[in-house]
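Student: Got a sequence here, can you model it:
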Amino acid sequence: MLSSPQLAHLVEGSSANRALCGGFLPTNNNTAFSNFEDIYTVTIVDTDGKSPIAFGAMNMYSVKQAYCMVGEVAEKYENSTIWLDDVSTVKNHTILKISRCEEGKPNHNGLGMFIAVFGEHDEKPVEEFLMEWMVNKTIGNNCLDLTKNVTLDVVGNRNLTGWRDNAGFMVSDNQRYVEVTCKRKDIESLTGASATEISAISDANKETLIEYDSQCTMIDRSEYLNALLKVNGVNGVIAFDEHKQPLGYALRLGTQILSCYANSEETARQLLSFIAASISDDEITFYTTYLFAGFMDELISKATSITPVSRLHTRTLVKQVKWEKIFCANVGLHLF
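Tutor: Residues are numbered from 1 along each chain as shown. Model (predicted):
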């Protein structure tokens, strides 16, 4: 199912798939990032048992926290209620087959207020089924509202109300995320002077990169980073001071800057300039926030394209990350 052309078409516009230049799913026999062991996927197929109508992928980054990488629902089914007919699971991949579909939200009138709100129902919106099964396979549904948290980024605000109202993403993030496309020359012209050495990421300094990443967060991302660095075409640079201590790093794939983390704006400018110089295309895309009042605002003002990103959480804002170091985020792949 994960290699089907129909599913590839449904997922192709997702931020995760675009960040990986179409390499999220195992199409054309390629090694897909979705095979990473901490990623769990759910596919909902139509009554024919073949045609995908929705797809979700969740990255569990701690026992109580997860990031929803993909949440795609075919436009025809965005405002629909479905009933499930069959469930099958192979390793980290679950397929849900529907038996019935009706347009609109479930009608629980006449059931009584408590049963309508808290009762277990056979019929649910598509987004709710996706969320329920992704959570069940990752952090678990037990005490979900009390002790656990899931984060979702909605690029372009498509089907925002469906995920907020039907899947429980009720908490809006306090940072304003945007997808930005800039001319390469505008990024390449950035200057900074804090790092004394900028080196290409290799097996020799990969552990240093992972060590620096751990300074940005309390979350252990070593396995995630090892999996990401194995994706064909992913490369980057790491900045050092005069004592050979890491000051930050940046990763890219194709024309997409996947991440840029640094101790200071000066280092971030150097890293981005260095990365841009290695790209031959005229335009480069990345995700950032309006948290930075300096050069990021300058880049955003020169952007050829800006798309808003709504970051939503099920329970609370995430505080285990030093957000002041996250100049370009891994939107679509991880929390940051």
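Student: For residue 202, which three-state class applies?
Tutor: Following DSSP: H, G, I helix; E, B strand; the rest coil, we place residue 202 in the coil state.
Student: tell me the pLDDT at it?
Tutor: Per-residue confidence (pLDDT) for residue 202: 95.
Student: next one: residue 123
Tutor: 88.
Student: Surely it is in contact with residue 82?
Tutor: Yes: taking C-beta atoms under 8 Å as the definition, residue 123 is a contact partner of residue 82 at 6.8 Å. Bear in mind the C-beta positions are built from the backbone N, C-alpha and C, glycine included.
Student: Need the residues touching each of these two.
Tutor: Residues touching both residue 123 and residue 82 (C-beta atoms under 8 Å, 6 or more residues apart in numbering): 100, 102.
Student: Look at those two and report which has more neighbours.
Tutor: residue 82 (25 against 17; other C-beta atoms under 10 Å).
Student: And that one, how close does it get to residue 72?
Tutor: 15 Å (C-beta to C-beta, to the nearest Å).
Student: what sits against residue 171?
Tutor: Per C-beta under 8 Å, 6+ apart, neighbours of residue 171: 312-317.
Student: Any stretches of the chain with poor pLDDT?
Tutor: 28-32, 107-121, 293 (pLDDT under 70).
Student: What are the boundaries of the helices in it?
Tutor: Along the chain, counting by DSSP state H, helices occupy 5-11, 15-19, 113-118, 126-137, 144-147, 160-167, 184-188, 206-216, 222-229, 265-277, 295-301.
Student: between those helices, which one is nearest to residue 287?
Tutor: For the helices of the chain, the distance to residue 287 is smallest for helix 15-19, at 7.9 Å, taking C-beta to C-beta.
Student: Summarise which helices and strands that closest one is packed against.
Tutor: For helix 15-19, the packing partners by 3 or more C-beta pairs under 8 Å, 6 or more residues apart in numbering; DSSP states H and E come out as strand 65-73, strand 256-262.
Student: Serialize those strands to JSON lines and add fields for distance to residue 217.
Tutor: Shown next, in JSON lines, are those (distance: least, C-beta to C-beta, whole Å):
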{"stretch": "strand 65-73", "distance to residue 217": "11"}
{"stretch": "strand 256-262", "distance to residue 217": "9"}
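Student: what's the most buried one of those?
Tutor: strand 256-262 (a mean of 27; mean count of other C-beta atoms under 10 Å).
Student: Export only the CA atoms of it, formatted as CSV.
Tutor: Extracted C-alpha coordinates of strand 256-262, given in CSV (Å, rounded to 0.1, in the frame of the first residue of the first chain):
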residue,chain,number,x,y,z
GLN,A,256,15.2,22.7,0.8
ILE,A,257,17.0,23.9,4.0
LEU,A,258,15.9,21.2,6.4
SER,A,259,17.3,22.8,9.5
CYS,A,260,19.6,25.6,10.8
TYR,A,261,20.4,25.6,14.6
ALA,A,262,23.0,28.0,16.1
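Student: So this structure: which segments form each domain?
Tutor: 5-169, 177-328 (automatic domain parsing).
Student: The ones you listed into CSV, with extra columns for distance to residue 335?
Tutor: Output for the domains of the chain, formatted as CSV (distance: least, C-beta to C-beta, whole Å):
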stretch, distance to residue 335
domain 5-169, 5
domain 177-328, 6
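Student: Which stretches in the stretch 1-150 of the chain count as strands?
Tutor: In the stretch 1-150 of the chain, the strands defined using DSSP state E, counting those that start in this stretch lie at 39-45, 52-62, 65-73, 80-90, 93-103, 123-125, 149-155.
Student: other SSEs contacting the fifth one?
Tutor: Translated: strand 93-103. Contacts defined by 3+ C-beta pairs under 8 Å, 6+ apart place strand 93-103 against strand 39-45, strand 80-90, helix 126-137.
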